[in-house]
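Peer 1: With the input below, show me the fold.
(one chain, ligands or ions: 1)
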Amino acid sequence: MNYSALIQNRKSFREFTDKQVPFSTLETIKNYYYNTVRRLIPELKTQLYFFGTDARAALEGAAGYHQFLVGAPQYLVLVSEKHDLAHVNGGYVMQDLLLKLADLELDSCWLTFTDSVEVKDVLGIESNMDVVAIAAFGYGKKSVKRLRLNFRSMSDVDIKAKYRYMEPKRSVNDLAFVETWGNSHNLDRYIGFFDDMLWEALYAASLAPSYLNRQAYGFLLHDGSVSLVARPDAYNTKIDGDLSLGIVLLHFTAVAENWAGKLHWDFAPVADGLQIPKDHKIIATTAL
Ligand SMILES: Cc1cc2nc3c(=O)[nH]c(=O)nc-3n(C[C@H](O)[C@H](O)[C@H](O)COP(=O)(O)O)c2cc1C
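Peer 2: The predicted model follows:
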């Protein structure tokens with residue numbers, strides 16, 4: 001897959017046509033999930049469930065931004081074994097699937113939820129594992145106007161029809177720092193050292209979908225390594241925050257691996273000496 005191109009063209013769709021996804025396409029997605037999908041923690045057991053349009057009524061109230069469930073012909077629900085990083089891994093796996101869907105010319109939207117037990121209950125999922133990720137997909141309505149959400153706060157999401165444009169995101173300069181958090185002085189020189197490929201990976205990270213578009217994270221470049229850092233964010237729930245971290249890791253990794261080879265993210269606390277604000281947290285570090 002051409003991750004850079006898929007990432008640059010992807011956006012969330014919140015309206016879908018009635019066109020059903022062909023059986024053969026659903027089989028392709030299943031095969032991709034079983035054989036190819038990228039996993040952050042490969043040994044962590046997960047299972048993928050597909051639901052048709054009937055799931056919309058069932059999910060009403062259990063998933064989606066406040067009183068707004070994206071109606072779609074298909075839904076994906078990922079369940080996982082319990083693990084401290086289950087949602088980070090879930091975000092990583094599901095986002096790789098959603099990019100595969102984009103490759104198959106399908107559109108999608110992540111759906112928030114808070115209660116795994118409730119989601120399993122309304123959908124009739126019989127599993128000991130926890131729901132870690134939900135997404136809606138199908139063929140998005142390609143009208144000039146589309147639904148756009150206006151995030152005032154977590155419980156006050158305004159739905160407005162506006163002209164279609166990409167959700168504004170933080171730029172690479174607001175997302176990546178060199179050696180000290182907030183320092184972007186040497187960023188160009190540092191990135192130049194990697195022949196601009198690092199820029200492509202950071203750019204892919206800057207386009208990652210995140211809960212309420214909060215982008216509550218950043219990257220710290222240091223000593224030939226890069227660390228993903230979580231910023232505190234009052235609007236993020238633990239689940240949505242962790243999913244968003246997994247998603248941004250997938251965007252960065254999928255593009256960086258084109259030139260850096262396989263990246264190994266270390267989730268253990270990294271060496272002291274990295275200068276980040278007290279309320280920020282280093283999530284994972286990899287050598288480049
Ligand atoms: C964990 C997570 C949960 C989300 N939940 C919802 C949701 O319930 N409803 C919705 O319309 N969008 C949801 N989104 C989509 C984000 O609002 C969207 O990714 C963000 O606004 C950026 O827009 P983009 O995806 O078009 O780049 C969610 C995204 C993430 C990562």
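Peer 1: what does the stretch 101-250 of the chain have sitting close to the ligand?
Peer 2: Taking CB under 6 Å from any ligand atom as the contact definition, the stretch 101-250 of the chain meets the ligand at 109-112, 149, 167, 209-213, 240, 243-244, 247. From N, CA and C alone the C-beta is placed, and that goes for glycine too.
Peer 1: Residue 88 is in contact with residue 242, isn't it?
Peer 2: Yes. Contact criterion CB atoms under 8 Å: residue 88 and residue 242 qualify, at 4.9 Å.
Peer 1: Please identify which of the two sits among more neighbours.
Peer 2: residue 88 (28 against 23; other CB atoms under 10 Å).
Peer 1: That one sits in which helix or strand?
Peer 2: Using DSSP states H and E, residue 88 sits within helix 86-103.
Peer 1: Tell me the first helix or strand C-terminal of that helix.
Peer 2: Of the helices and strands lying after helix 86-103 in sequence (DSSP H and E), the nearest is strand 107-111.
Peer 1: Wait, residue 129 touches residue 44, no?
Peer 2: No. Residue 129 is beyond contact range of residue 44, at 10.1 Å (criterion: CB under 8 Å).
Peer 1: overlap in contacts of the two?
Peer 2: Residues touching both residue 129 and residue 44 (CB atoms under 8 Å, 6 or more residues apart in numbering): 80, 81.
Peer 1: Buried ones only from the residues of the stretch 101-250 of the chain next to the ligand, please, as a PyMOL command.
Peer 2: For the buried members of those, the matching PyMOL selection, counting by 16 or more other CB atoms under 10 Å, is:
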select buried, resi 109+110+111+112+149+209+210+211+212+240+243+244+247
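Peer 1: So among the residues of the stretch 101-250 of the chain next to the ligand, where is pLDDT lowest?
Peer 2: Minimum pLDDT across those is recorded for residue 149, with 61.
Peer 1: Contact partners for the closest residue to the ligand within the stretch 101-250 of the chain?
Peer 2: Per CB to the nearest ligand atom, residue 209 is where the stretch 101-250 of the chain lies closest to the ligand, at 2.9 Å. For residue 209, the contacting residues are 10, 12, 95, 110, 244, 247, by CB under 8 Å, 6+ apart.
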